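S.K.: curious how this folds, go ahead:
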Amino acid sequence: MNTGRLARISRTALAVLSAVLPALFGATVSAQGAVRIAYADWSSSVASAHVVCAVLEERLQRRCDLQRLPADEMWAAVAEGRADAMLSAWLPDTHRHYLERYAASVVDLGPNLEGTRTGLVVPAVAAGRQTGATGMRGRRDVSVESIADLREKQQAFGGRIVGIDPEAGIMRAAERALEAYDLAGWRLVIVADD
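M.R.: A predicted model of the protein is given here:
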């Protein structure tokens, strides 16, 4: 049965988290209070929040409350003290506007991911079977190498770019890309999982 708990973590990661987390949260959360972690409904944010929460609860005996919020509300919750931390600030660029708005009320403790990239992607998939009988990847139905290629592929994609949280910085960048690459007729679509 899946319990949603962290089953394993490297000893190095555990030692770092065990040493750092009490210092980070100790000043803002009383010994009795739960650490309130805000996170966005993005795979990286969900994973980070749950790992830190599991370490807090299982290794440091600190209660943890997770708060799933859209990006703008996640930033506001930390800035206003309704949440103690978030692990999903995409800085320095994607969430720059949030940091500028809340700079006086939040502390940037540095990166927890480095070398990541954001942008538009087209999965390397084809309709039907993904691999042949030999295990070799099947032929792609639509080939796109750049955003500019999308102009000629509007019908193949139904003129839709599927995005995430409408308040995520990447969605603002996607809107700018639609204009910059003259993708008239394309629209951003948000798929809700609720």
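S.K.: break this structure into its domains for me.
M.R.: The chain breaks down into these domains under automatic domain parsing: 11-102, 118-194.
S.K.: JSON lines for those, including distance to N112, mean neighbour count and mean pLDDT?
M.R.: (C-beta placed from N, C-alpha, C; glycine too.) Listed next are these as JSON lines, based on distance: least, Cβ to Cβ, whole Å; neighbours: other Cβ atoms under 10 Å; pLDDT from 0 to 100:
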{"stretch": "domain 11-102", "distance to N112": "6", "mean neighbour count": "17", "mean pLDDT": "81"}
{"stretch": "domain 118-194", "distance to N112": "15", "mean neighbour count": "12", "mean pLDDT": "76"}
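S.K.: would you list the ones you listed in CSV and tack on distance to P111?
M.R.: Converted to CSV, these look like this (distance: least, Cβ to Cβ, whole Å):
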stretch, distance to P111
domain 11-102, 8
domain 118-194, 14
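S.K.: to D108, which of the ones you listed lies closest?
M.R.: D108 lies closest, by Cβ to Cβ, to one member of the domains of the chain: domain 11-102, at 6.8 Å.
S.K.: quick one: that closest one to chain centroid distance?
M.R.: 13 Å (Cα atoms, centre = their mean, to the nearest Å).
S.K.: same check on stretch 156-175?
M.R.: Centre to centre, stretch against its chain (Cα atoms, centre = their mean), the figure for stretch 156-175 is 14 Å.
S.K.: how long is that stretch from one end to the other?
M.R.: 20 Å (Cα to Cα, to the nearest Å).
S.K.: and the strands in this protein?
M.R.: For the chain, applying DSSP state E gives strands covering 35-39, 64-68, 85-86, 160-163, 187-190.
S.K.: could I get the ones you listed as a markdown table with distance to A79?
M.R.: Compiled in a markdown table, the strands of the chain are given as follows (distance: least, Cβ to Cβ, whole Å):
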| stretch | distance to A79 |
| --- | --- |
| strand 35-39 | 10 |
| strand 64-68 | 14 |
| strand 85-86 | 10 |
| strand 160-163 | 24 |
| strand 187-190 | 24 |
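S.K.: ok now do the residue lying closest to Y98 once chain neighbours are set aside, which residues does it touch?
M.R.: Leaving aside its chain neighbours, Y98 sits nearest to W75 (4.3 Å; criterion: Cβ to Cβ, 6 or more residues apart in numbering). Contacts for W75 (Cβ atoms under 8 Å, 6 or more residues apart in numbering) come out as 86, 89, 95, 98, 101-102, 106.
S.K.: widest-spaced pair of those residues?
M.R.: M86 and R101 (14.2 Å).
S.K.: verify the contact between A77 and D65 for me.
M.R.: No. A77 is not in contact with D65 according to Cβ atoms under 8 Å; the separation is 11.4 Å.
S.K.: now do the shared contacts for these two.
M.R.: With Cβ under 8 Å, 6+ apart as the test, A77 and D65 both reach R36.
S.K.: about what we covered before: can you list the contacts of W75 in JSON lines and add distance to V144?
M.R.: Converted to JSON lines, these look like this (distance: Cβ to Cβ, whole Å):
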{"residue": "M86", "distance to V144": "33"}
{"residue": "A89", "distance to V144": "30"}
{"residue": "H95", "distance to V144": "27"}
{"residue": "Y98", "distance to V144": "30"}
{"residue": "R101", "distance to V144": "35"}
{"residue": "Y102", "distance to V144": "36"}
{"residue": "V106", "distance to V144": "37"}
